[in-house]
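In: Okay, sequence plus prediction incoming.
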Amino acid sequence: MLTLSPKQRAAHLIPLHPIPSHPISHPHGIRKATLIHAFTVVLATSHVLYQQPTRPPVFAYLPTNTRPAFTTTVTLHHVTPLPPCISLSHALPYLHNHQLLVRLDPDFASCESLPADAACPNAKRYKVTDHMHALPAGLWGTTVSFTAEMTDMDDGVLWIVKAPLGLVSTTTWKLQRTETLGEERVAGLRGLEERGEWSLVEDVEIRANRMLAGTVQAKCEENWRGSHGKLVAHLLDGLAKSQIHSGG
């Protein structure tokens, strides 16, 4: 839209023929004082009429953590071959033991059950609180509470975490045959003689703002071996107890 300066607008609005100085009526029937007053009002308000509206960028209406420029997605993949003595039927109930799984986290503080969500009737919901000393000061407190939605699967568990600041983490822990994973995915984790038929495969997707995603990624990378190791210890301990009870 064409924008005129005040001087240009005045030039267009003021008539070319002179206005008489005596108090008689203007040829068009408008007195001089009335005409000058009208021009003054128009000039005083024309900047409002002609000014282009200033609109904030589209992303300004979105929460900071959900703006595309500030949000990122991180994926992680971890594999732990299970001992040869661990079978699928023995290991699967442990992956369906949600209270056990949340306590594998070394930063675990507490856990309580939440009412089911009608939108996800097969998922069990929990309020989990973790110690978060590793996070930058001021980002969260020394502890953080989040919602964990856990759904049992035929080969493992689906685990969705919804935390403050828009963080969403989707994790699967699955039992897969070691031979189907490929040598490059399990090399160096255990000796060949220690690799059983089944492996624990963890896949994680973290979606959050860039600073928070990097911090959570570092936390996962630091803790996954310990969490997997604790699960393996539970599996071996449970197998030993079952053999004692069966007299094996």
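Out: In hand now; what should we look at? Numbering: from 1, shown residues only.
In: Which secondary structure element of the protein has the lowest mean pLDDT?
Out: Here the helix or strand of the chain ranked lowest by mean pLDDT, DSSP states H and E is helix 32-50, holding a mean of 50.
In: Quick check: beta-bridge partners of the residue nearest to Ala163 when sequence neighbours are not counted?
Out: Nearest non-adjacent residue to Ala163, counting by C-beta to C-beta, 6 or more residues apart in numbering: Phe146, 3.8 Å away. Quick note: C-beta positions are derived from backbone N, CA and C, even for glycine. Going by DSSP bridges, Phe146 is paired in beta bridges with Val128.
In: List the residues that contact Phe146.
Out: Residues near Phe146 by C-beta atoms under 8 Å, 6 or more residues apart in numbering: 127-130, 161-164, 167.
In: Just the buried residues from those, in ChimeraX please.
Out: Remark: buried members of the contacts of Phe146, expressed as a ChimeraX selection using 16 or more other C-beta atoms under 10 Å:
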select :128,129,130,161,163,167
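In: I'd like the contacts of Phe146 laid out as TSV, including distance to Leu200.
Out: Listed next are the contacts of Phe146 as TSV, based on distance: C-beta to C-beta, whole Å:
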residue	distance to Leu200
Lys127	26
Val128	20
Thr129	25
Asp130	21
Val161	19
Lys162	24
Ala163	24
Pro164	29
Leu167	24
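In: Domain map for the chain?
Out: 6-50, 64-246 (automatic domain parsing).
In: which of those has the lowest average pLDDT?
Out: The weakest mean pLDDT among the domains of the chain belongs to domain 6-50, with a mean of 51.
In: mind listing the strands for this protein?
Out: In the chain, the strands defined using DSSP state E lie at 71-81, 108-114, 124-131, 143-153, 156-162, 168-177, 198-209.
In: Can you check what angle separates the third one from strand 156-162?
Out: Going back to what we said before, that points to strand 124-131. Calculated by axes from the mean of the first three to the mean of the last three C-alpha atoms, to 10 degrees, strand 124-131 forms an angle of 60 degrees with strand 156-162.
In: what's strand 124-131 packed up against?
Out: helix 98-102, strand 108-114, strand 143-153 (3 or more C-beta pairs under 8 Å, 6 or more residues apart in numbering; DSSP states H and E).
In: between the last one and strand 156-162, what angle do the directions make?
Out: Counting by the same axes, to 10 degrees, strand 143-153 lies at 150 degrees to strand 156-162.
In: what's the angle from strand 143-153 to strand 168-177?
Out: Angle between the axes of strand 143-153 and strand 168-177 is 40 degrees (criterion: the same axes, to 10 degrees).
In: What residues sit buried inside strand 143-153?
Out: By 16+ other C-beta under 10 Å, the buried positions in strand 143-153 come out as 144, 146, 148-152.
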